[in-house]
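Novice: got a sequence here, can you build the structure:
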Amino acid sequence: MAAKSQSGGGCLATVLGVGFLFLIGKCAGAVDAAPPPEVPTMPDVTGVHLDVAAEKVDALGEEFSRFPHSDGADLTVNGRDAYSEEEWTVVTSRPLPGQAMPTSLDEVNTYLFVVRNEEWAWLQANPTMPALPTGVTSAVVVGPGGPMEGVADLVEWVYASDVGVAGTAKAATVVEPLYGLMGEDPRFETPEESAAYQGVEMYGGPSDQEIVVGQWPPAGAEVRIGQRFVISVRPVPEPEPHAESGITSGDVTIDGDVYYDDDDDDDDDFNVPGWLCPTRWC
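Specialist: Residues are numbered from 1 along each chain as shown. Next up is the predicted model:
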């Protein structure tokens, strides 16, 4: 029985009379090429704690990396390390949510930009700058119950321009570029922001030795997540010494409390806490 040739789907086959099918020639295009793997997109992890957000990104596969692998990137220009991931919250990412993830072959890294959990909570509660009380000490403003509680790391303290305090003006912060960053760097300061803290930097952190006299941004201004805040202060005025005995005297208001002294006696019945004794009365 004569052999019969069949051609279909680009393959040439010969059917022999004994019923066996032999493939002769190469089937060009008979088997479709495997489609390339689908590239995942960056999940939206805004407002998520860094440890949870990192797990979501890592779950996309080993070929999709985030950098640094164990840390987030501080959204502020302070350059803080986010080692304890559960203490930080993601504000934004690169790539942005919905954008294709870079692969290990791309010269692009994945970044999760973060602030501290308490800073995120404060920023969500204060989309505009609150009015800070004046005449209170710097420690009260950032302390428990204070209007800037939770964002002490983001506050720059400078002496008021009319205070004759020797010191050095704080230089504007320059951030180091991030390797393989996709898109614009969200860590920045506007010229107005950096100019606001070019006064003489206050020595040390907030204490009961300086009183608040001003703020930037002004009350009601929109707050940009990641920006820093500037609070101007002046030293707490010391009461003038008594003309006859040298005992400090005079009424002083600190943190809203009025400390009274009787100028007609020298019984040392008044002291400002933190100067001569730790309490109001000694």
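
Novice: tell me the contacts of residue 204?
Specialist: Contact partners of residue 204, counting by C-beta atoms under 8 Å, 6 or more residues apart in numbering, are absent. Using the backbone N, CA and C atoms, a C-beta is placed for each residue, glycine as well.

Novice: measure it to residue 232 for me?
Specialist: From residue 204 across to residue 232, the span is 16 Å (C-beta to C-beta, to the nearest Å).

Novice: now swap in residue 56 and tell me
Specialist: For residue 56 relative to residue 232 (C-beta to C-beta), the value is 42 Å.

Novice: the more surrounded of these two?
Specialist: Set residue 56 next to residue 232 and count neighbours by other C-beta atoms under 10 Å: residue 232 wins out with 24 against 15.

Novice: wasn't the more buried one part of a strand?
Specialist: Yes - counting by DSSP: H, G, I helix; E, B strand; the rest coil, residue 232 is located in a strand.

Novice: residues in contact with it?
Specialist: 157, 158, 159, 160, 161, 199, 212, 213, 214, 215, 216.

Novice: residue 213: what secondary structure?
Specialist: On the basis of three-state DSSP, residue 213 is classed as strand.

Novice: which residues of the stretch 151-282 of the chain score low on pLDDT?
Specialist: Applying pLDDT under 70 to the stretch 151-282 of the chain flags residues 164-171, 240-282.

Novice: switch the cut-off to 50
Specialist: Flagging of the stretch 151-282 of the chain using pLDDT under 50 yields the residue ranges 247, 265-270.

Novice: quick one: strands adjacent to the host helix or strand of residue 115?
Specialist: Taking DSSP states H and E as the definition, one finds residue 115 inside strand 111-116. Next to strand 111-116 in the sheet, as set by DSSP bridges, lie strand 73-74 (parallel), strand 88-94 (antiparallel).

Novice: mean confidence for the longest one?
Specialist: Put plainly, it is strand 88-94. Averaging pLDDT along strand 88-94 yields 95.

Novice: how about that strand: buried residues?
Specialist: Using 16 or more other C-beta atoms under 10 Å as the test for burial, strand 88-94 gives 88, 89, 90, 91, 92, 93, 94.

Novice: so the nearest residue to residue 223 once chain neighbours are set aside versus residue 188, what's the distance?
Specialist: In space, residue 223 comes closest to residue 129 once its chain neighbours are excluded; the distance is 5.6 Å by C-beta to C-beta, 6 or more residues apart in numbering. To residue 188, residue 129 is 19 Å away according to C-beta to C-beta.

Novice: so for those two, which sits in the more crowded spot?
Specialist: Neighbour totals were compared for residue 129 and residue 188, and residue 129 leads with 19 against 16 (other C-beta under 10 Å).

Novice: mind listing residues that contact the strand holding residue 115?
Specialist: Applying C-beta under 8 Å, 6+ apart, the set of residues contacting strand 111-116 is 45, 50, 53-54, 57, 66-67, 72-76, 82, 87-94, 123, 150, 153, 178, 181, 186-187, 225-226.

Novice: which of these are buried? Put it as a PyMOL command.
Specialist: Here is the PyMOL command that selects the buried residues among these (16+ other C-beta under 10 Å):
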select buried, resi 45+50+53+54+57+66+67+72+73+74+75+76+82+88+89+90+91+92+93+94+123+150+178+181+186+187+225+226
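
Novice: restricted to strands, list the contacts of strand 111-116.
Specialist: Applying DSSP state E to the contacts of strand 111-116, the entries found in strands are 73, 74, 88, 89, 90, 91, 92, 93, 94.
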